[in-house]
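Trainee: need the 3D shape of this:
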Amino acid sequence: MRPWRRTRPRPAADCHEVARVLQAFLDHEVDDLSGARVARHLELCRRCGMEAAVYTEIKASLAGRGMPVDPETLRQLRLFSQQLAASGADPGDGVPPGA
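Mentor: Sure, this is the predicted structure:
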């Protein structure tokens, strides 16, 4: 029988990992381990935390409309979020990447 081993907690996810799964995380569609890592990162990273807050507000606003959201609009929003994350731009600075 092996003695009890203490496992080290997994580190928070990095910005690139979070960018890949942020929408799924916000929709509660990630496993518990991934969700915990993303949540930890969002607590530590101002940029990613702000991005998550913006998406949460957008989704709440769209849900409050009471109308179904066009799937193409959602696809474009997800594409934009991925491009924003890949560019490294701060979503709060108001300056488009490459400007």
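Trainee: what separates residue 31 from residue 80, distance-wise?
Mentor: 26 Å (CB to CB, to the nearest Å). Glycine gets a C-beta too; all of them are placed from N, C-alpha and C.
Trainee: same check on residue 66?
Mentor: Residue 66 is 24 Å from residue 80, by CB to CB.
Trainee: who's more crowded, these two?
Mentor: residue 80 (10 against 6; other CB atoms under 10 Å).
Trainee: now the residue nearest the centre of the chain: how far from residue 65?
Mentor: Most central in the chain under CA atoms, centre = their mean is residue 22, positioned 2.4 Å from the mean C-alpha point. Here the criterion is CB to CB. By it, residue 22 lies 22 Å from residue 65.
Trainee: what of residue 85?
Mentor: 26 Å.
Trainee: among these two, which residue is more densely surrounded?
Mentor: More crowded of residue 85 and residue 65, by other CB under 10 Å: residue 85, with 19 against 8.
Trainee: let me know the pLDDT of residue 66.
Mentor: Looking at residue 66, its pLDDT stands at 70.
Trainee: tell me the secondary structure at it.
Mentor: coil (DSSP: H, G, I helix; E, B strand; the rest coil).
Trainee: which residues touch it?
Mentor: By CB atoms under 8 Å, 6 or more residues apart in numbering, the contact list for residue 66 is empty.
Trainee: so what does it look like in phi/psi?
Mentor: phi 70, psi 10 (degrees, to the nearest 10).
Trainee: check which helices and strands the helix or strand hosting residue 83 sits against.
Mentor: Using DSSP states H and E, residue 83 sits in helix 71-87. Packing contacts for helix 71-87, counted by 3 or more CB pairs under 8 Å, 6 or more residues apart in numbering; DSSP states H and E, involve helix 15-26, helix 46-64.
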